[in-house]
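Chemist: A predicted structure for the sequence below; I have some questions about it.
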Amino acid sequence: MVQLQRPEWVYVRGQVRPWDEAVLHVSTEAITRGLNVYEGLKGYWRQDGASFGIVAMKRHFARLQRSARLLYIPCPVDYQEFEGACHDLVRALYRPDRDMWVRATLYVVEGHWGEGTKADLVLTAYHQDKAPPAPIEIGVSTWRRSSDDSLPPRIKTSANYQVARLARIEGRGRGFAEMILLNQWGRVAEATGACVLLVRDGAVITPPPSEGRLESITVQILQELCGSLGIPFVERPVDRTELYVADELALAGTLAEIVRISRIDEHRLPERAPVLSRIAARFWAAVRGVEPHPAADLSIVEPRPQRSGIAQLAGR
Ligand code: PMP
């Protein structure tokens with residue numbers, strides 16, 4: 001059985017509060033129609049443990065606003081409030097031996113069919129292993145990514161993950177931890193929670209968002225890192241068969257980070273991945289503050305005051 005973390009604190013209704021206080025009424029559109037938009041952000045300890053930085057917070061907030069606008073959900077916070085809320089929750093929960101993943105969700109708590117819509121910002125944060133991910137084996141799903149004229153993939157809303165869930169269940173039956181979804185034209189869209197990167201003849205290739213993938217912040221970061229490293233980076237449509245003949249293959253995303261693929265369906269990838277290894281090394285150096293890069297700007301969480309402020313943060 002999966003064991004999900006149950007952190008002590010959560011941010012809801014404008015404050016850090018005990019986990020059990022994050023409740024929504026069943027009549028809200030957040031529940032009846034699964035109406036929300038969200039972001040997943042990653043925070044890393046600097047290599048020497050001196051500070052904790054959340055990656056690309058501005059870009060995440062901008063995408064949250066874009067998702068909200070596309071679903072006619074008013075965003076109840078500005079950037080300063082958003083950043084402050086993330087810092088408050090992380091400060092209440094972080095531990096020196098673990099990195100963190102923060103889920104920032106706007107749940108629609110008032111309104112009906114787009115009238116009188118009001119949302120609340122809810123943050124949950126979970127501890128993550130510091131070790132880089134090991135290579136994984138994946139498959140191509142029979143389920144298809146939705147299209148821009150049905151459920152636009154560039155909106156990061158939970159409803160967009162129903163097909164991802166079906167694909168994961170399908171994949172589990174075939175022994176795969178992740179699955180790639182093709183788009184309505186039968187070309188590569190993305191994985192269930194990350195984008196797809198191929199290397200062919202020394203160039204990194206990824207499908208553009210118009211092929212049905214999320215406007216990924218990690219892909220943007222990697223594209224900019226490739227620019228600095230002098231590695232060609234191309235956004236173009238990708239056929240399924242290109243996955244099978246790629247020199248190197250990886251998934252990229254905030255939570256997935258850069259994870260190499262060792263097998264796709266029945267095709268094994270070469271053992272060596274020199275281009276992806278170079279990019280991954282530069283990525284880790286940037287997010288851990290060893291060799292900062294403007295693409296991976298860090299929002300630094302100031303440490304807790306000597307006397308713990310948790311009780312005060314929790315409003316009790
Ligand atoms: N596609 C999907 C469906 C995702 O859920 C994610 C993770 N947010 C990504 C791609 C990667 O996006 P990002 O790099 O912004 O995390």
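Modeler: Now that the structure is in, tell me what you want to look at.

Chemist: mind checking pLDDT for whichever residue of the stretch 1-150 of the chain sits closest to the ligand?
Modeler: In the stretch 1-150 of the chain, the residue that lies nearest the ligand is residue 40 (5.0 Å; CB to the nearest ligand atom). Backbone N, C-alpha and C define where each C-beta goes, glycine included. At residue 40, the predicted lDDT confidence score is 98.

Chemist: ditto for residue 316
Modeler: In this model, residue 316 carries a pLDDT of 38.

Chemist: residue 133 contacts residue 253, correct?
Modeler: No. With contact defined as CB atoms under 8 Å, residue 133 does not count as touching residue 253 (10.7 Å).

Chemist: who's more crowded, the two?
Modeler: residue 253 (21 against 15; other CB atoms under 10 Å).

Chemist: wait, what's in contact with the more buried one?
Modeler: 191, 193-195, 216, 218 (CB atoms under 8 Å, 6 or more residues apart in numbering).

Chemist: can you list these in a markdown table and add distance to the ligand, neighbour count and secondary structure?
Modeler: Below are these laid out as a markdown table (distance: CB to the nearest ligand atom, whole Å; neighbours: other CB atoms under 10 Å; DSSP: H, G, I helix; E, B strand; the rest coil):
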| residue | distance to the ligand | neighbour count | secondary structure |
| --- | --- | --- | --- |
| 191 | 7 | 27 | strand |
| 193 | 4 | 17 | coil |
| 194 | 5 | 25 | coil |
| 195 | 5 | 23 | strand |
| 216 | 3 | 19 | coil |
| 218 | 3 | 24 | helix |
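
Chemist: now for the one helix or strand residue 166 maps to, which elements pack on it?
Modeler: Using DSSP states H and E, residue 166 sits within helix 162-173. With contacts defined as 3 or more CB pairs under 8 Å, 6 or more residues apart in numbering; DSSP states H and E, helix 162-173 has these neighbours: strand 136-144, strand 178-182.

Chemist: mean neighbour count, these: which tops it?
Modeler: Greatest average neighbour count among those goes to strand 178-182 (a mean of 23), per mean count of other CB atoms under 10 Å.

Chemist: which residues sit against that strand?
Modeler: 136, 138-141, 143-145, 163-164, 167-168, 170-171, 188-194, 196, 212, 240, 243, 251, 256, 264.

Chemist: show me what residue 263 bridges to in the sheet.
Modeler: residue 137, residue 268 (DSSP bridges).

Chemist: check contacts around it.
Modeler: Residue 263 neighbours (CB under 8 Å, 6+ apart): 137-138, 269.

Chemist: near the ligand, which residues of the stretch 101-250 of the chain are found?
Modeler: 190, 193-195, 213-214, 216-219 (CB under 6 Å from any ligand atom).

Chemist: rerun at 5 Å
Modeler: 190, 193-195, 214, 216-218 (CB under 5 Å from any ligand atom).

Chemist: any chance of the residues you listed in CSV, plus pLDDT?
Modeler: CSV is the format used below for those (pLDDT from 0 to 100):
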residue, pLDDT
190, 98
193, 97
194, 98
195, 98
214, 98
216, 98
217, 98
218, 98
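
Chemist: any chance of JSON lines for these, columns distance to residue 302?
Modeler: Converted to JSON lines, these look like this (distance: CB to CB, whole Å):
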{"residue": "190", "distance to residue 302": "35"}
{"residue": "193", "distance to residue 302": "30"}
{"residue": "194", "distance to residue 302": "31"}
{"residue": "195", "distance to residue 302": "32"}
{"residue": "214", "distance to residue 302": "31"}
{"residue": "216", "distance to residue 302": "29"}
{"residue": "217", "distance to residue 302": "23"}
{"residue": "218", "distance to residue 302": "25"}
